[in-house]
Every structure is written in C-alpha cells, then in structure tokens.
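Visitor: requesting a structural model of the entry that follows:
(4 chains)
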Number of protein chains: 2
Amino acid sequence: MERVTLQTIADRVGVSRTTVSNAFSRPDQLKEELRQRIMEVAEELDYPGPNPAARTLRRGRAGVIGVVFTEALSYAFADSYAVGFLRGLARVAEQSGTGLHLIGWPSPGVAEEVIGDAVVDGFCLFSPEGHPLVETVLRRRLPVVTVDHPYVPGVPFVGIEDRIAAREVAAYLLGLGHRRIAIVAAQPLAAQARTEARTRPVTEEWLDVDLAGEHRFGAGRARLAGYHDACLKAGLAWEDVPIHRTTNDREIARRAAQHLLDLRPRPTAVIAATDEIAFGVMDVAAQRGIDIPGELSVVGFDDVPAAEPAGLTTVRQPITAKGTTAGRLLLEPSRHDPAPCVLMEHRLVIRRTTAPPGDTSH
Amino acid sequence: MERVTLQTIADRVGVSRTTVSNAFSRPDQLKEELRQRIMEVAEELDYPGPNPAARTLRRGRAGVIGVVFTEALSYAFADSYAVGFLRGLARVAEQSGTGLHLIGWPSPGVAEEVIGDAVVDGFCLFSPEGHPLVETVLRRRLPVVTVDHPYVPGVPFVGIEDRIAAREVAAYLLGLGHRRIAIVAAQPLAAQARTEARTRPVTEEWLDVDLAGEHRFGAGRARLAGYHDACLKAGLAWEDVPIHRTTNDREIARRAAQHLLDLRPRPTAVIAATDEIAFGVMDVAAQRGIDIPGELSVVGFDDVPAAEPAGLTTVRQPITAKGTTAGRLLLEPSRHDPAPCVLMEHRLVIRRTTAPPGDTSH
DNA sequence: CTAGGTTTCTTTATCGATTCAGAACCACTT
DNA sequence: AAGTGGTTCTGAATCGATAAAGAAACCTAG
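Guide: Next comes the predicted model:
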C-alpha cells in the first residue's frame, strides 16, 4: 500500500492538493461542507496528518528549541540545578507552543551529529564552559543563548556574578574564623579531558585565576577566582589551600571528599563549588562520624531544592528564573542589538552546616 | 544576500549538488582533495550545514523520539518520578544518537498542535491515564510505547502491577493495627477536569474500583483498587475510609492533607498514592506538630530519591529502568508481534514513617 | 591490448507539503 | 450591462536535500 499524502486525498476527493492542505491548516479558507468531505476521506484513508518534516521545510520554522548540555543527559537529569533550569525554560516554551529538544553529550562525536540534524529554531547552551560543542552549535547560525558561561561575544547571556558570590561565601567562612579551608572545585568534563584524571590537584593552567573578564571562562573557574579573592584578602596563602576538582555529581564528589578529609591536619571547613558536591562531602563526613558543623563546616553553591532540608549553607541563585529568562531571550522576536547580558541576583543563605571552627584536635 | 544551500556551493565549486551533499554526508564517496575544496568554499560562504528539515524529509527518519507528558512540563520537571524516568530513557536514547523531544500539556489545545508538528520517529506516552492526548498521539501512526497505563491494545507497555503493590502497602498498615486509615489518591488532571474541583471526595464514577482488567484504567485507579482490596480483606468498610484526591504535586497535596488531618477522630495512618503526595502530608503534619510515626503513619508509592533521606515507607519501583525499557522498546528495530507488555518488579520498603497506632487521644 | 572492476562524479526523480498569484463564480450596486 | 468586492478553489513554483542509476575516467590482470 502506498503512502497517503495530501495528493492522495486530493485525487480521491477531486480537488487540488492546495485545498486539502488548507482543510488542515486554514479551515477558514474553504467551505465547511467541502472541508468535512475532505476530512472524511482523510479518515477513511487513515491519513496521519500533514507531514511535519515537509511542513517545517516549507515554512522554515520548526517551533522547537534545542537545549544543549555538555554532559550526558542521564547526568543532567540527576542534577537538580539542571532540572530546575529546565523547569523554567519549559514554562515559557510551553506557553508559546514551542517544543523542547534536549541534547546531551554522552561521548565525543555523538552530539555533534545530533546538533547538526536537530530540526530547531534556536539553541540554548547550558553551562557549556569551554566545551567543544559551543563551536558546533554556533556553526548552525541560529539564534543562541548561553547560560552560565562562557560569555561569547554577540550571543545573549544569562548568568550570575559567580566570582563575587563565591567571594562572599568564602569570606563568610573566613569571617567565622576558619583558616584550614579546603576547596572542591567543579571542573567541567571538557576541561578535565584536556588535563589529567579527576580528583587530582587542579593544574596551574586551569587554576590561573588572576584574570580579568572571567566571564570568558567557566562558572567553575569564576567561582574559584572568587574563593581566591577572599583568601587573599583574609591573608591566607593560596598555596596552602588544598584544592581538588571533580564533576558536578554527588557520587563522584565523594571520592574527592575522601582525599580532603584524609589530610592532616584536617580542614575545618570545605568550600564546595556546587550543592551537589557539598552533599557528597557531607555523605563522607557522616560516614566517618565527623560532626557538621561541630568539626567541619561545609558550604555549597546554587541552593538546589534539597539544600534546605539538608540545612546546607549556600549561595542562592534564581535557578528557575534563569530558565524563563533564557527562554524569553530565545523566543523574543526582537533582534537585540548589543546582545543582552542578563546578570541575575544571588544571595548567601546561612543554614546549619556552618559554625566557627570548634574541636579540631586530630 | 540569498540563502546558502548545497546548490550555491555546487555552483561555486563547479560540481553537482549531489557531490556537495556527499562531501558532508559520505566523505568516502569523493576524493579528499575535492572534499577539501568544497569544505573551504562552504566555510567561505558561511554555510550552516545541510538543512535538517530537508534531510529528514528526504531520509524519512528524524533520529528523535517524542516524550509526551499529560501535564505541563514545568510540573514534570518538579516530579522526581518523571525525572527519574527521563533519566533512564535518556540513557538509551543517547547511546544510539537519538534526540529527545519533550512535549507537555500546559493547557488544552497547545500540545495537540505540537504533537502534530513534532518531527519524530516515535512517541513515548508517559502515564497518560485516560488523557485525550493518547488519541492525538496514536493518530500519527508512529511507533508508540505507553508507560504506566492505560494499556492500549497493540501498543507496547511498560509498568508495574500497581494494584498488587498497592494492596501490599495497605495490608502492611492494616497489619500494624491501623483501622482509621485515610487515602490521598492521585487523580490525573484529565480525569479531574471531567469531574469537579480538586480535593473533594472522589466521585463514585472514578472510584468504581471493582473492575477486572484495571490496566485499562490509570495507575491512580489501579492503586486505589489495591487499597480497596486490602481494606476489604481486613474487614474494613470501604465507605468508612475517607478518600481525597489531588494531583501528583507536593504543594497541591498539602491542601488535601489539611482536610484529612482535620477529620475527627483523626486518622492514625495516611496512604498516599505517590511519594510526592506523601511529602505533602508530612509537611502538614510537621507544621501541626503531629509526630510521625508516633501519632500518624504515612506511606507513599514510587520510592523517589528523596524518600530514603526522608525515611518514608513506600513501594519501590524501578523508575529509571522503566525509562531504559521504554527506550529500548521504541528504538528496537524488530517488530514485536504481540505488543510486549513489560511488568517490572516492585517491593515494599519499610522505613521510619510507619509504626503501630499509638497515641490517638484527640 | 582489452575485458572487467573501481573510483569519482552527474543526472534525474523524488520526499510532502506551503505560498502566492490568479481564475471562476456569486451577489450587489449603479 | 458593466463594475466592485468577496469567497472559494487551482496551478505552478519552491523549500533543501538524498537516492538510485548511470557515465567517465582510471586501474588491474590476463
């Protein structure tokens, strides 16, 4: 049996293809009676409706936006920060009848092809710090918005002032009196691939935080720069601050935490570059019977939903609002001339995982 | 400036359009030297790569599957059960280079159009209990897999034995000695729309649980039927069991919980049809200073990630595995003849929110 | 030196719709 | 009778690529 198309129906009813097309897409363009007849025949022939690919090709509009993650999607769905962002993005997309096409980066090469083949009207790049996919996406010459670094000239941007926020949270710990502070940085997979294995001390290259315009680098790096600023100001030698890096994943972060809590003397505080990582640190502390905040203070970053019940001191940023803003930037028809660069608010939220350094006799 | 297509490049280089196409899609079909030259010209003309819509039209394959939710996406992303499912689905999709097109149902009418226009090779219907979108999706005549009810004849299905599992969890509570049990059922929005406002006693119609083949109805209904079975067996009059229904949303569930905890005598146990709802009940209990499990036992269903830290007694079902299974069913090339109906394992997980009825003097 | 096989590129025929300009018809006015 | 304006429908052109088959050039071996 041949495939049923508009033409099949047109022939059967005895009208032109155009008229059948109108019956589906512009019912007001033809007599109700004829439309009825066409619909009946369509039903009879089991016509599945106008082919979306053909329609998209002709119209030049897909009604879908692509959301590109730089890690595997299965990771992204485990990360409440990413999910919160999607929530916001979905809200505005749905309202305008726009679909969401999610693209992850499970392994090098796969996503490149998917991006090239994605039938979309624009892309949202989620936290693509230094990732090769950025290039792939830009080559499509479609509207793009970047979320959370890097700032690409000419491309709309949504983020927060990571460096400043990081400075605040580190300053808060220092203000409590902590001096033996350890850092768990979130280094994106892409950067990691370029250097060595995980959970090893951060390389100088990646750690060269003394740079202007950190927006051109990742959020991870910007936060690190902020921690650095605060330490410097408090008179702490940056060389004395142990730093480990890890992916933004609770389980993987645990490994880094093991190393840091093995240090002697043990740090009295750990700064985690994300909440997810902070949870990993707390897991290990709990497992070893280290009291938080009595023996160890922990701070995170992001204020994901689970942070509140966990009592985690962290930096709140408007996760969902980032999504809605990014969505609006992408869907707005107006051509912004200087690409907008939206910097959202953040706030230090003090909960129960931080206290002045206490019992540290180890 | 005119748009750049394969033809533009072909003309400029002086070869046929097909050759340029091959340069992009089948590099082995032409001399490396020529390919280089074509790529150079493409670069020069700022060609964004072969148009995906045109490509899809010609190839007849999109490399994308649609995932249809029956609520707004912004809700779905707040529901860890849905997110867990997506995680599993994403895993298998990514491995085969398949994209994910998410479609929600923010308000009647919008999704229908999006579904009709979705450039996909198949659909995964997520828990579409009695939802009108099922029809819309089926009309596309593409491969479909249904997750969690209803069972549509001829359509592959993935789920668990909701009724049996629900029976178990209710029987457990009854076994502990509870007699004043209240139920918070999860009624899908679609069914709700057909009846009245939320948080009112379930209508007889929806509640007519005494039916064979509950697979044809929703998971919500199947679970209710299971609770019913257990009560009946324990000699509890079904009429005496207060039931409220609500959406699967923590916040909305709180309202239902308010009503139930206002009852005098107050129930000693609450059966929630999902964990998310159970959390809502626990929120209200905490807010009113009702001790769990001392004064009130609570059980959920699903065992979402947050259930463990919360100590919630619940029914575990393989959330992520459901996603991978659904994905495989959809991506597998083989035509299953009798549509497969995969029933996965479940298990009652007893934690800290349940105990024999204790202090109930109110 | 030629039959047969490769490699490399071209030609022709779609994929399935939408757009846009215009034809045919109708009812009314002047 | 001719002009005006609307509705309803048609035909041709187009969206941007890929598939399949064929032609030309180039090897290779007998």
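
Visitor: since we're on A:Tyr227, how many residues are nearby?
Guide: 26 (other CB atoms under 10 Å in any protein chain shown). Backbone N, C-alpha and C define where each C-beta goes, glycine included.

Visitor: give me the neighbour count for the closest residue to A:Ala72 other than its chain neighbours.
Guide: Take A:Ala72 and drop its neighbours on the chain: the residue closest to it by CB to CB, 6 or more residues apart in numbering or on different chains is A:Pro106, 4.3 Å away. For A:Pro106, the neighbour count with other CB under 10 Å is 21.

Visitor: cool, and the one 10 residues further on?
Guide: Other residues within reach of A:Gly116, judged by other CB under 10 Å, total 17.

Visitor: need the contact list for it.
Guide: Residues near A:Gly116 by CB atoms under 8 Å, 6 or more residues apart in numbering or on different chains: A:136, A:140, B:49-50, B:52.

Visitor: make TSV out of those residues and add pLDDT and distance to DNA strand C.
Guide: Formatted as TSV, the contacts of A:Gly116 follow (pLDDT from 0 to 100; distance: CB to the nearest atom of the strand, whole Å):
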residue	pLDDT	distance to DNA strand C
A:Thr136	93	25
A:Arg140	96	20
B:Gly49	94	17
B:Pro50	96	12
B:Pro52	96	13
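
Visitor: hmm, back to that, next, give phi and psi for the residue nearest to A:Ala72.
Guide: When read as degrees, to the nearest 10, the backbone of A:Pro106 gives phi -70, psi -40.

Visitor: filter the contacts of A:Gly116 down to the ones in helices?
Guide: A:136, B:52 (DSSP state H).

Visitor: pretty sure the residue nearest to A:Ala72 contacts B:Val92?
Guide: No: applying CB atoms under 8 Å as the test, A:Pro106 and B:Val92 come out as separate, 10.3 Å apart.

Visitor: wait, A:Ala90 touches A:Thr324, no?
Guide: No: if you go by CB under 8 Å, A:Ala90 and A:Thr324 don't touch, sitting 9.3 Å apart.

Visitor: compare those two (neighbour count), which wins?
Guide: Shown here are A:Ala90 and A:Thr324; by other CB under 10 Å, A:Ala90 has more neighbours (28 against 21).

Visitor: that one: which element?
Guide: helix A:80-95 (DSSP states H and E).

Visitor: other SSEs contacting the next helix or strand after that helix?
Guide: Counting by DSSP H and E, the element after helix A:80-95 in chain order, helix or strand, is strand A:99-103. Secondary-structure packing of strand A:99-103 (3 or more CB pairs under 8 Å, 6 or more residues apart in numbering or on different chains; DSSP states H and E): strand A:64-69, helix A:73-76, helix A:80-95, helix A:110-117, strand B:99-103.

Visitor: recalculate using a threshold of 6 Å.
Guide: Strand A:99-103 is packed against strand A:64-69, strand B:99-103, with contacts defined by 3 or more CB pairs under 6 Å, 6 or more residues apart in numbering or on different chains; DSSP states H and E.

Visitor: ok, which residues in chain A are in contact with chain B?
Guide: Residues of chain A lying near chain B by CB under 6 Å from any CB of the partner chain: A:48-49, A:52-54, A:56-57, A:63, A:72-74, A:77, A:83, A:86-87, A:90-91, A:94, A:97, A:99-104, A:106, A:110, A:114, A:116-117, A:119, A:140-141.

Visitor: buried subset of those residues?
Guide: Neighbour counting by 16 or more other CB atoms under 10 Å in any protein chain shown classes A:48, A:52-54, A:56-57, A:63, A:72-74, A:77, A:83, A:86-87, A:90-91, A:94, A:97, A:99-104, A:106, A:110, A:114, A:116-117, A:119, A:140 among the residues of chain A next to chain B as buried.

Visitor: and those near DNA strand D, which?
Guide: The subset of those lying close to DNA strand D, counting by CB under 7 Å from any atom of the strand, consists of A:54, A:57.

Visitor: ok, the residue lying closest to A:Cys124 once chain neighbours are set aside to A:Ala93 distance?
Guide: Nearest non-adjacent residue to A:Cys124, counting by CB to CB, 6+ apart: A:Val67, 4.8 Å away. Counting by CB to CB, to the nearest Å, the separation of A:Val67 from A:Ala93 is 9 Å.

Visitor: next SSE after the strand or helix carrying A:Thr324?
Guide: A:Thr324 belongs to helix A:319-331 when assigned by DSSP H and E. Counting by DSSP H and E, the next helix or strand C-terminal to helix A:319-331 is strand A:341-344.

Visitor: next one: A:Ile290, what pLDDT does it get?
Guide: For A:Ile290, the model assigns a pLDDT of 95.

Visitor: hmm, A:Val298 and it touching each other?
Guide: No: with contact defined as CB atoms under 6 Å, A:Ile290 does not count as touching A:Val298 (10.0 Å).

Visitor: these two: which is more packed in?
Guide: Neighbour count, other CB under 10 Å: between A:Ile290 and A:Val298, A:Val298 has more, with 26 against 16.

Visitor: secondary structure class for the more buried one?
Guide: strand (DSSP: H, G, I helix; E, B strand; the rest coil).

Visitor: give the bridge partners for it, please.
Guide: Under DSSP bridges, the beta-bridge partners of A:Val298 are A:Val270.

Visitor: pLDDT score assigned to it?
Guide: Looking at A:Val298, its pLDDT stands at 97.

Visitor: show me what contacts it?
Guide: A:270, A:278, A:281-282, A:292, A:353 (CB atoms under 6 Å, 6 or more residues apart in numbering or on different chains).
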